[in-house]
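[1] Sequence unavailable; structure follows:
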């Protein structure tokens with residue numbers, strides 16, 4: 001059976017008001033939360049075959065941190081339509 005996982009980006013930063021929404025990075029809280037999200041996925045034996053990711057900075061950062069814990073070999077496709 002196939003499984004669909006939906007993962008929202010971790011907490012983003014609003015510290016720099018000059019940044020466009022698309023370019024907002026993760027806040028320190030988000031940088032800490034993303035590995036926790038990955039640990040939860042791993043504890044449930046959930047490892048995606050394919051990741052569809054928004055090109056927004058916070059989404060890419062979140063996935064990069066999650067991917068570190070899940071290992072190599074996961075295909076990632078950025079889709080502008082997800083922003």
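    It's in. Remember, it's a predicted structure, so these values are computed and weren't measured experimentally. Residues are numbered from 1 along each chain as shown.

[2] backbone phi and psi for the residue nearest to residue 24 when sequence neighbours are not counted, please?
    Sequence neighbours aside, residue 12 is the residue nearest to residue 24 in space, at 4.8 Å (criterion: CB to CB, 6 or more residues apart in numbering). To be clear about C-beta, it is placed using only N, CA and C from the backbone, and glycine gets the same treatment. Residue 12 adopts backbone torsions of phi -100, psi 160, taken as degrees, to the nearest 10.

[3] and the longest helix along the chain, how far from the chain's centre?
    Using DSSP state H to define each element, the chain has its longest helix at helix 28-43. The chain centroid and the centroid of helix 28-43 are separated by 9 Å, computed with CA atoms, centre = their mean, to the nearest Å.

[4] Show me what it is packed up against.
    helix 57-70 (3 or more CB pairs under 8 Å, 6 or more residues apart in numbering; DSSP states H and E).

[5] Residue 42 contacts residue 71, correct?
    No - if you go by CB atoms under 8 Å, residue 42 and residue 71 don't touch, sitting 9.2 Å apart.

[6] Compare neighbour counts for these two and give me the winner.
    Neighbours around residue 42 and residue 71, counted as other CB atoms under 10 Å, are more numerous at residue 42. The numbers are 14 against 9.

[7] Check the gap between that one and residue 25 for me.
    Distance, residue 42 to residue 25, using CB to CB, to the nearest Å: 24 Å.

[8] just to revisit the earlier point, who does the helix or strand just after the longest helix of the chain pair with, and is each partner parallel or antiparallel?
    Next helix or strand after helix 28-43 toward the C-terminus (DSSP states H and E): strand 50-53. With DSSP bridges as the test, strand 50-53 is paired with strand 75-78 (parallel).

[9] which residues touch the residue nearest to residue 24?
    The contact partners of residue 12, taken as CB atoms under 8 Å, 6 or more residues apart in numbering, are 24-27, 30, 58.
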